[in-house]
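Chemist: can you look at this prediction? I've put the sequence above it.
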Amino acid sequence: MPLIRPFRLGDTFLIQRLGRQATNLNAVQALLQPRSPASAALTAVIPWGDAKVATFVLKQSGHRLIRAGFIQVQKRPRRPEYDINLLAPALDTPSGHPAIWEKLLSYTITEASQHQIERIYVDVPDQPLIVNSFAHVGFGAYTRQTIWRLQAHGFEGQRFEYVDAQSTAAIRPAVSGDEWALQKLYARVTPRPVKQAECGDGQDDSKAPILFDRVAGICSRYVLVEDGEISGALHLLRGERGTWLSIWTDTLEVDGCRARQLLCFGLKTVQADSLQIPVYVGVSDYHGGLSALLDELGFAPFTDRAKMVKHIMARVKKGTTAAVPALESIGKV
C-alpha cells in the first residue's frame, strides 16, 4: 500500500532529488519568485497556517512504477483556498507516472476537506496527459491562457506613449473607495463560468481577484477612469525574476483603446522604475483582440496553460431532532 504523509526532515534528500524533475503548476510564482522545493518544505513550520506551504510525500516500496513523489501546495492568505505549486516527478521523466500524481492529488483533496479548504487551484501546461490527470480526480478547466513575454530587447527604443485626442480617460492608483466599482467592472468583463470558478459560488463578488493579488510579491494597483467611471484596472506584480501585468477591461472593443492605454502605462512604469524584465501578460481565451495588441507592442507567445479548479465538499456536523415512534400497547391475552 502507498504511504503518503506530511514532509519530515528525513525526506529532504528525496525532495532535493525529485525537485529537479518537478513540474511547476503555478506559472506566475515560478516565473517571478522561483523557490527551491527543499527550502519551501523546510521553512513551512506550520503547514496549514496562512500563506504557508505544505509538502506531502509518497513513498512506496515493492512497486516497480510507483515508488516516490511529492506535492507542494500553498494556502492563500485569509482565504479558504490554496494553489498547487509543484508535483514531482514530472510525467515526462523516466520515474514519472500519472498514478503518482493522482494518488498525491487524492490525498491532498482529503486533507483539504479536513481543514475547511473550499477550492484548490492549479495552473497546468495545456497538454492532454497533464490536464487529464487532474480531470481524473475532479479538477475542471475553466479557461485556457497563453502567457506572452516581452524580453529586454523589446524595450530598446520604445517609449510606449499612448496618444488619443478623443480620449478623456486617465489612470491613477486604486484606493479603497474603488472596491464597489471594481466589483462591477469584474462582473461586466468576465464570463460567468470564470466568475463561478474564481469566486466560489459566483454570488460573493468580494472574492473577485480584481480586488487582491493571489501571488506573493509587491503588487501595485491602478484604475482607468473615464467620465468619472472606472472602465479598466491594472495590477503590476513585481518579482525577483520579472514583472507580471494583469488587466481588466472590455477587450472586445473594436479599437482596443482602453487595453492599449493600460498596457502602455504598465510598460512605462516598468521602464521608469527599472523593474525586472521580462514582462509577462496572461491572455485568456475570452480576451478578444488582446493578442494582436501584444504582438504590436513587441511581445511574443511564451507558453500555453490551462487554469483548473477543484471545489471541495466540506463535511458539516449538524444536530437534528429525530422523531421516536410511539410504542403501541399490547392487550392482555
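Modeler: Perfect, I can see it now.

Chemist: what does stretch 144-164 rub up against?
Modeler: 27, 31, 123, 126, 257, 260-261, 263-265, 267-268, 270-271, 277-285, 291, 294, 297-307 (C-beta atoms under 8 Å, 6 or more residues apart in numbering). Placement of C-beta: from N, CA and C, glycine included.

Chemist: which of the residues in it are buried?
Modeler: Of all the residues in stretch 144-164, those buried under the rule 16 or more other C-beta atoms under 10 Å are Q145, T146, I147, W148, R149, L150, G154, F155, F160, Y162.

Chemist: in strands, which of the residues you listed fall?
Modeler: Among the buried residues of stretch 144-164, DSSP state E puts Q145, T146, I147, W148, R149, L150 in strands.

Chemist: need the contact list for I312.
Modeler: I109, A112, S113, I117, E118, R119, I120.

Chemist: from L237, how far off is L245?
Modeler: Noted for L245: a distance of 8 Å to L237, by C-beta to C-beta, to the nearest Å.

Chemist: please apply the same query to E102.
Modeler: 32 Å.

Chemist: neighbour count: the two, which is higher?
Modeler: Between E102 and L237, counting by other C-beta atoms under 10 Å, L237 is the more crowded of the two (23 against 15).

Chemist: bridge partners for the closest residue to the more buried one other than its chain neighbours, pull those for me.
Modeler: Excluding the flanking residues, the one nearest L237 by C-beta to C-beta, 6 or more residues apart in numbering is W244, at 4.2 Å. Going by DSSP bridges, W244 is paired in beta bridges with L237, Y280.

Chemist: contacting residues around W244?
Modeler: Per C-beta under 8 Å, 6+ apart, neighbours of W244: V28, L31, L32, V215, H235, L236, L237, V279, Y280, V281, G282.

Chemist: okay, now the third one: neighbour count?
Modeler: What that stands for is L32. So L32, with other C-beta under 10 Å, has 21 neighbours.

Chemist: which residue packs closest to it, ignoring adjacent ones?
Modeler: G239 (2.5 Å).

Chemist: phi and psi next, for the one you found.
Modeler: phi -130, psi 180 (degrees, to the nearest 10).

Chemist: touching, it and Q276? I think so.
Modeler: Yes - at 6.3 Å, G239 counts as touching Q276 under the criterion of C-beta atoms under 8 Å.

Chemist: who's more crowded, those two?
Modeler: Neighbours were counted for G239 and for Q276 using other C-beta under 10 Å; G239 has more, 20 against 14.

Chemist: ok, the more buried one - contacts?
Modeler: G239 neighbours (C-beta under 8 Å, 6+ apart): L31, L32, Q33, G217, Q276.

Chemist: and which of those is nearest to A135?
Modeler: L31 (24.8 Å; C-beta to C-beta).

Chemist: ok, for that closest one, nearest residue in space, not its chain neighbours?
Modeler: G242 (5.5 Å).

Chemist: how close does that neighbour get to K103?
Modeler: 34 Å.

Chemist: how are the helices of the stretch 151-300 of the chain distributed by residue range?
Modeler: Here the stretch 151-300 of the chain has its helices, by DSSP state H, counting those that start in this stretch, at 179-189, 192-198, 257-272, 290-296.

Chemist: buried residues in stretch 27-42?
Modeler: So, applying 16+ other C-beta under 10 Å, buried residues of stretch 27-42: A27, V28, Q29, A30, L31, L32, Q33, R35, P37, A38, A40, A41.

Chemist: how about these in JSON lines, adding secondary structure and pLDDT?
Modeler: Below are those laid out as JSON lines (DSSP: H, G, I helix; E, B strand; the rest coil; pLDDT from 0 to 100):
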{"residue": "A27", "secondary structure": "helix", "pLDDT": "93"}
{"residue": "V28", "secondary structure": "helix", "pLDDT": "92"}
{"residue": "Q29", "secondary structure": "helix", "pLDDT": "90"}
{"residue": "A30", "secondary structure": "helix", "pLDDT": "92"}
{"residue": "L31", "secondary structure": "helix", "pLDDT": "93"}
{"residue": "L32", "secondary structure": "helix", "pLDDT": "93"}
{"residue": "Q33", "secondary structure": "coil", "pLDDT": "88"}
{"residue": "R35", "secondary structure": "coil", "pLDDT": "86"}
{"residue": "P37", "secondary structure": "helix", "pLDDT": "91"}
{"residue": "A38", "secondary structure": "helix", "pLDDT": "90"}
{"residue": "A40", "secondary structure": "helix", "pLDDT": "87"}
{"residue": "A41", "secondary structure": "helix", "pLDDT": "87"}
